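this one's structure only:
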Ligand SMILES: O=P(O)(O)OC[C@H]1O[C@](O)(CO)[C@@H](O)[C@@H]1O
């Protein structure tokens with residue numbers, strides 16, 4: 001049995017089995033294109049075989065650097081955006097106790113994120129809150145030129161240098177960037193920071209298993225060896241020679257592409273554990289940047305349930321019928337908590353007495369799935385046994401593989417993102433960046 005189970009039976013009724021049959025061959029060809037490198041964007045396929053290529057020595061180097069940072073700092077600010085942020089954030093949230101900050105004893109450094117927005121207040125408050133704590137930073141940018149992390153890094157770097165002096169700051173700052181190119185590489189070389197390389201052939205949104213994701217996670221005490229082991233096993237289970245019925249990545253890609261062809265243009269990734277919220281954010285970048293181009297692509301959205309059943313639930317049940325709901329279902333909660341019987345039963349909940357909260361959550365999930373299917377929303381279910389590093393590594397790799405397959409099946413290059421340049425050009429022009437003077441005038445006239 002695969003460590004991830006994809007159930008697509010709840011797309012039938014909306015699709016006929018023949019709709020899936022028609023697309024099966026295409027997705028299997030797409031999977032082969034990923035392994036033989038015959039598709040567009042084939043200079044960005046380094047992530048496909050990455051898990052099996054990660055050596056124990058590489059993991060040791062990341063863990064050693066993490067240990068040394070952790071020995072110097074109580075708070076480590078991880079600076080990055082998009083693919084240089086979301087993978088680490090996703091795994092960290094999924095693995096963490098949401099109330100960790102309330103615990104009196106903190107035996108791991110607290111990892112905070114910056115550079116993922118341009119909010120003045122966010123950065124100000126981050127600096128203010130971290131004042132009493134020993135500080136270090138990891139700055140991550142593949143291009144080394146992205147504005148948001150560059151701005152945040154300038155501010156955090158200055159704070160660290162002011163506090164500790166330049167020489168000590170160089171021990172407290174680690175950069176993860178391109179081997180040769182970009183302003184961050186130049187800066188890291190000049191300042192003498194320890195660095196890790198993001199391989200040329202791995203794009204940001206596929207980089208969670210490089211030091212981009214691994215270093216911040218190791219600093220936070222996450223077992224990165226297990227994360228990689230899960231991805232390694234999933235790489236085998238989704239290889240091009242694994243038959244359709246045993247290969248979760250092609251099943252998922254086939255189901256969503258068959259639905260897209262029938263007019264289902266929005267996919268909502270739903271989870272029943274708030275710790276998975278950032279896995280959804282990571283997934284949205286992965287699928288949004290990979291597929292949304294040339295006027296095509298499923299729009300990736302997300303909900304956290306049951307919370308959003310009390311807000312978005314109405315739309316999902318009865319709104320425009322273009323939605324696909326894909327549920328990440330986690331079989332086993334980490335802890336056990338039962339509902340007790342109450343002699344007065346004023347809340348009428350005694351019918352739940354003796355049940356675990358997880359059982360109630362599961363019945364909410366089952367009931368919701370059937371209600372939404374009855375309302376015309378096809379359902380895809382992705383089951384993982386529990387939230388630990390191993391299954392998360394498997395889940396992330398599963399989504400990456402399926403995304404590459406989906407993109408090729410859709411007929412786009414899943415490894416570029418030309419559309420993101422438009423906002424950057426306008427922002428530079430409006431901010432008066434040298435070289436953008438003419439565009440600046442034109443844009444200002446339109447405001
Ligand atoms: O790691 P970088 O080069 O700073 O890029 C961050 C993110 O920005 C994008 O390039 C979009 O502008 C994403 O694809 C990428 O993950």
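Thanks, I have the structure now. Because the structure is predicted, anything quoted here is derived from the model rather than measured. Numbering: from 1, shown residues only.

Which residues are in contact with residue 117?
81, 148 (Cβ atoms under 8 Å, 6 or more residues apart in numbering). All C-beta spots, glycine's among them, are computed from the backbone N, C-alpha and C.

7 Å instead, please
residue 148 (Cβ atoms under 7 Å, 6 or more residues apart in numbering).

Sticking with residue 331, tell me its helix or strand.
strand 323-332 (DSSP states H and E).

outside of that strand, which residues touch it?
256, 259, 264, 266-271, 273, 276, 279, 316, 365, 369, 372, 377-387.

let's see it at 6 Å
259, 264, 266-271, 273, 276, 372, 377-387 (Cβ atoms under 6 Å, 6 or more residues apart in numbering).

Also stretch 355-364?
Taking Cβ under 6 Å, 6+ apart as the rule, stretch 355-364 contacts 272, 306, 333, 337-339.

Quick one: buried ones out of those residues?
Among the contacts of stretch 355-364, the ones that count as buried by 16 or more other Cβ atoms under 10 Å are 272, 306, 333, 339.

how about the strands of the stretch 151-300 of the chain, start to end?
Along the stretch 151-300 of the chain, the segments classed as strands by DSSP state E, counting those that start in this stretch run 173-177, 194-197, 266-271, 299-304.

Put together JSON lines for those strands, with distance to residue 66 on each row.
Shown next, in JSON lines, are the strands of the stretch 151-300 of the chain (distance: least, Cβ to Cβ, whole Å):
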{"stretch": "strand 173-177", "distance to residue 66": "9"}
{"stretch": "strand 194-197", "distance to residue 66": "11"}
{"stretch": "strand 266-271", "distance to residue 66": "28"}
{"stretch": "strand 299-304", "distance to residue 66": "29"}
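
The helix ranked longest in the chain: what's the following helix or strand?
If you go by DSSP state H, the chain has its longest helix at helix 389-410. Using DSSP H and E, the helix or strand that follows helix 389-410 in sequence is helix 421-431.

distance of residue 5 from residue 198?
32 Å (Cβ to Cβ, to the nearest Å).

These two: which has the busier surroundings?
Set residue 5 next to residue 198 and count neighbours by other Cβ atoms under 10 Å: residue 198 wins out with 25 against 15.

Check the spacing between that one and the ligand real quick.
7 Å (Cβ to the nearest ligand atom, to the nearest Å).

nearest residue to that residue other than its sequence neighbours?
Distances taken as Cβ to Cβ, 6 or more residues apart in numbering put residue 142 closest to residue 198, at 4.7 Å, once the chain neighbours are dropped.

residue contacts, that neighbour?
The neighbourhood of residue 142, defined by Cβ under 6 Å, 6+ apart, consists of 178, 198, 204.

Pull the contacting residues for the second one.
Translated: residue 198. Neighbours of residue 198 in contact, by Cβ under 6 Å, 6+ apart: 142, 207, 210, 212.

confidence score at it?
You'll see residue 198 listed with a pLDDT of 97.

Show me which residues of this protein are close to the ligand?
81-84, 141-143, 146, 149, 204-205, 289, 417, 420 (Cβ under 6 Å from any ligand atom).

Give the ChimeraX command for selecting the buried subset of the residues you listed.
Buried residues among the residues of the chain next to the ligand (16+ other Cβ under 10 Å), as a ChimeraX selection:
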select :81,82,83,84,141,142,143,146,149,204,205,289,417
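
Quick check: closest non-adjacent residue to residue 235.
Nearest to residue 235 is residue 51, by Cβ to Cβ, 6+ apart, at 4.9 Å.

Perfect, that will be all.
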